[in-house]
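Novice: Based on what follows, work out the 3D shape:
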Amino acid sequence: MNICALTPTGNRPEGLALLGEYINAQSYAHAFRWIIVDDCDPATRIPFMRTGIDVEVVRPDWRWRPGMNTQAASMATGLVLVPDDATLFVLEDDDVYLPDYMITMREAIACAELIGEKDARYYNVTTRRWRVLPGRVHSSMASTVVRGAALTLLKGLCANGMTKMLDLNLWKTFGGNKMLLSAHNVIGIKGLPGRAGIGIGHRASFGMIDKDNTLKLWVGDYADNYDIFKAAA
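Specialist: Numbering: from 1, shown residues only. I've put the predicted structure just below:
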């Protein structure tokens, strides 16, 4: 199976460094290609990756500025390098991917062309607030894997400049076999330094205050990676 991963990034060095750690720790140990589209200056330092991960960095013609949403443009740029027969993982630069994520999704993608995780978990590491967003009809882009007709559709949506609710439109439009898993191997992290995010999870009032060490319950020792980002009391 031809595996590719795509990460749009820029001005999130801490996030990309942690993503590299999570990718290196995946129980999926086979070779794959990781395409990183970096649209900010200065260029982000690329983590040292294990043998078998072929990293390709793309620097598009534009540079992100505050207020811009370059998700679709960056995705479209990276998707040009993804063969039509590939299985594509979208790995976002500010999320936790637990070690069994890739191997679980690789097994599931054999039964469908569009797969993801339901009931997305989000955690803001600055405000220490969390929330679970019920998802029964679509998955966030960060936990979506595509192949075949779903990959073709994703390429079309991004090339056409779909800048809002890309994940929802992909899942709503795709008419082929799709599947949502209850694996909870992805946790959407909000509040990292650098480039501001576009989702509601970055708002100060988002979710509930963490009184029960929720992040630790979700991600185990990976929670220690985020202690330095906690807002001053």
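Novice: Where do the strands of this structure begin and end?
Specialist: 3-9, 32-38, 53-58, 87-90, 95-97, 114-117, 120-124, 129-133, 145-146, 178-181, 186-190, 208-209 (DSSP state E).
Novice: Ok, which of those comes nearest M68?
Specialist: strand 3-9 (12.2 Å; CB to CB). Bear in mind the C-beta positions are built from the backbone N, C-alpha and C, glycine included.
Novice: Output the strands of the chain in CSV; the columns should cover distance to R106 and mean neighbour count.
Specialist: Listed next are the strands of the chain as CSV, based on distance: least, CB to CB, whole Å; neighbours: other CB atoms under 10 Å:
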stretch, distance to R106, mean neighbour count
strand 3-9, 7, 24
strand 32-38, 10, 22
strand 53-58, 15, 14
strand 87-90, 7, 25
strand 95-97, 13, 24
strand 114-117, 10, 26
strand 120-124, 20, 24
strand 129-133, 25, 18
strand 145-146, 8, 28
strand 178-181, 12, 18
strand 186-190, 14, 24
strand 208-209, 33, 11
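Novice: Name the nearest residue to the residue nearest the centre of the chain, sequence neighbours excluded.
Specialist: With distances taken as CA atoms, centre = their mean, E92 lies nearest the centre of the chain, 2.5 Å away. Excluding the flanking residues, the one nearest E92 by CB to CB, 6 or more residues apart in numbering is A142, at 4.1 Å.
Novice: list the contacts for that neighbour?
Specialist: Neighbour list for A142: 90-92, 95, 186, 188 [criterion: CB atoms under 8 Å, 6 or more residues apart in numbering].
Novice: from those, which is closest to C158?
Specialist: For the contacts of A142, the nearest to C158 is V90 (10.6 Å; CB to CB).
Novice: And the helices in the chain, which stretches?
Specialist: With helices called from DSSP state H, the chain shows them at 13-24, 71-79, 101-108, 148-159, 166-173, 214-219.
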